[in-house]
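Trainee: How does the following fold in three dimensions:
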Amino acid sequence: MKAEIIAVGTEILLGQVVNTNATFLSEELADLGIEVYYHSVVGDNPTRLESLLKIADRRSDLVVLCGGLGPTTDDLTKDVVAAHVGQRLVEDSNGRKELEAFFTRAKREMTENNLRQVLVFKDGIALPNETGLAVGIFYQSPTTAFLLLPGPPSELRPMFLHHGKALLQEKFPQQEQLISRVLRFYGIGESKLVTQLAALIQKQTNPTIAPYAKPNEVTLRLTVKTDDEKSGQKLLDETEAKIKEEVGEYFYGYGEENSLEAVVVKLLQEKGCSVTAAESLTAGLFQGTLANVSGASEIFSGGFVTYAKEQKEKLLQIDPALLAENGVVSETCAKAMAQNARAIVGADYALSFTGVAGPNELEGQPAGTVWIGLASEKGVVAHLYHFTRDRSYVRHSAVMAGLDLLRRAVLAQ
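Mentor: Numbers count the residues shown, from 1 in each chain. As a prediction, the model looks like this:
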């Protein structure tokens with residue numbers, strides 16, 4: 001089955017937005033055994049979009065369109081595709097209820113143009129939007145199927161994973177399928193990971209092993225081609241076991257949509273433990289990262305941002321003499337921050353972050369110098385790191401290192 005992906009939006013052509021949707025959808029469609037032959041990007045222009053649809057209609061069995069489902073006049077995807085396939089646009093009743101409920105909760109007036117977001121094809125299937133307002137559409141003509149998805153990745157991904165994917169499996173069952181499994185690793189770079197797995201990667205046939213470098217972590221996507229899911233899963237299990245023999249100490253979880261913070265929050269929930277933090281150079285980034293995970297309130301009640309020395313003394317009750325003697329970029333300071341934060345909050349674990357985000361030195365220490373403390377019922381330890389790149393990357397690197405320290409401590413409990 002041939003598929004193509006059309007991204008609609010002038011902002012993509014201008015380079016203002018990166019088209020990550022195409023990568024995501026290509027991988028997901030491949031898992032379904034649907035081969036993507038073409039990627040296209042077209043601006044918010046009805047004439048050019050219609051020209052592209054005519055071409056796509058002739059050469060593809062499935063056309064996936066991303067973007068242009070919003071409330072403004074340049075959101076024209078539905079209108080153009082509806083005209084192309086001869087469908088009338090009608091309101092989706094469930095979509096309208098969700099739309100009205102959103103504006104009621106937000107205590108905002110709903111302007112008339114917002115109703116454009118809940119228009120669907122008369123003979124199409126509406127796809128609910130769990131993270132936004134624009135309803136998706138699936139429509140099958142005698143020759144071609146069309147799947148219309150919203151442009152923002154935060155809306156497109158859950159819509160496809162929770163609704164679009166199952167629909168395509170039902171409509172287009174494939175005898176041969178691709179099954180993928182994503183393994184996530186922290187604490188090892190892509191080059192080292194590939195080096196340690198060189199023998200496996202060089203011999204790969206089925207399953208295949210594809211490494212992807214992400215900020216401060218690496219993922220491996222294992223993909224097997226099979227006509228029997230049980231046999232395919234067995235092959236993935238065997239390959240995963242071989243990978244873990246080589247680099248298992250760095251493995252932390254599964255899934256494209258997973259994250260180190262999500263794994264840590266789940267671990268703390270399972271163990272019935274709590275955490276707090278005292279942050280200097282990260283200025284609340286660690287705590288904000290935790291709070292991004294649904295359910296974080298079960299394991300995190302609050303913490304401290306003590307950017308200046310005076311706040312470390314005042315909020316964390318650290319002896320000024322200790323800071324004067326050792327400085328804030330020190331093992332002693334990191335330990336005191338973690339220890340005192342844990343005692344004040346009464347949490348099972350406490351992390352501390354102190355160091356130099358850059359670009360300038362601090363206390364004679366170069367940018368990227370970071371101490372991370374970890375306090376628990378077993379005592380307190382502090383680890384020294386030397387991160388590189390810019391200020392933002394140093395702070396993110398510190399947060400990831402802290403999460404991994406905490407993960408390993410909870411696992412060892």
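
Trainee: Can you give me the domain assignment for the chain?
Mentor: Per the record, the chain has its domains at 2-171, 178-254, 260-411, by automatic domain parsing.

Trainee: need those domains in CSV with mean neighbour count and mean pLDDT, can you?
Mentor: The C-beta positions use only the backbone N, C-alpha and C, and glycine is treated the same way. CSV is the format used below for the domains of the chain (neighbours: other Cβ atoms under 10 Å; pLDDT from 0 to 100):
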stretch, mean neighbour count, mean pLDDT
domain 2-171, 18, 96
domain 178-254, 16, 95
domain 260-411, 19, 98
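
Trainee: who touches residue 376 in this structure?
Mentor: 342, 348-350, 409 (Cβ atoms under 8 Å, 6 or more residues apart in numbering).

Trainee: now with 10 Å?
Mentor: 273, 275, 338, 342, 347-350, 406, 409-410, 412-413 (Cβ atoms under 10 Å, 6 or more residues apart in numbering).

Trainee: Could you do residue 333 as well?
Mentor: 278, 280, 309, 312, 316, 318, 322-323, 326-327, 352, 354-355, 371, 373, 382.

Trainee: excluding its backbone neighbours, what's nearest the most centrally placed residue in the chain?
Mentor: Nearest to the geometric centre of the chain sits residue 257, at 4.9 Å (Cα atoms, centre = their mean). Of all residues not flanking residue 257 in the chain, residue 157 sits nearest, at 7.2 Å (Cβ to Cβ, 6 or more residues apart in numbering).

Trainee: which residues sit in contact with that neighbour?
Mentor: Applying Cβ under 10 Å, 6+ apart to residue 157 gives the contacts 20-21, 24-25, 28, 131, 149-150, 164, 256-257.

Trainee: Relative to residue 70, which of the residues you listed is nearest.
Mentor: Closest approach between those and residue 70, by Cβ to Cβ: residue 150, at 7.6 Å.

Trainee: who touches the residue nearest to that closest one when sequence neighbours are not counted in this structure?
Mentor: Nearest residue to residue 150 in three dimensions, chain neighbours excluded: residue 134, at 4.5 Å (Cβ to Cβ, 6+ apart). Residue 134 sits next to 67-71, 75, 77-78, 95, 99, 114, 116-119, 127, 148-152, 155-156, 159 when contact means Cβ under 10 Å, 6+ apart.

Trainee: swap in residue 39?
Mentor: Residue 39 touches 4-7, 19, 22-23, 25-26, counting by Cβ under 10 Å, 6+ apart.

Trainee: quick one, phi/psi of it?
Mentor: phi -120, psi 130 (degrees, to the nearest 10).

Trainee: gap between it and residue 336?
Mentor: Using Cβ to Cβ, to the nearest Å, residue 39 is found at 54 Å from residue 336.

Trainee: Next: residue 353.
Mentor: 13 Å.

Trainee: Residue 142: which of the contacts of residue 157 is nearest?
Mentor: Using Cβ to Cβ, the contacts of residue 157 come closest to residue 142 at residue 164, 21.1 Å.

Trainee: That closest one and residue 337, how far apart?
Mentor: Taking Cβ to Cβ, one finds residue 164 at 47 Å from residue 337.
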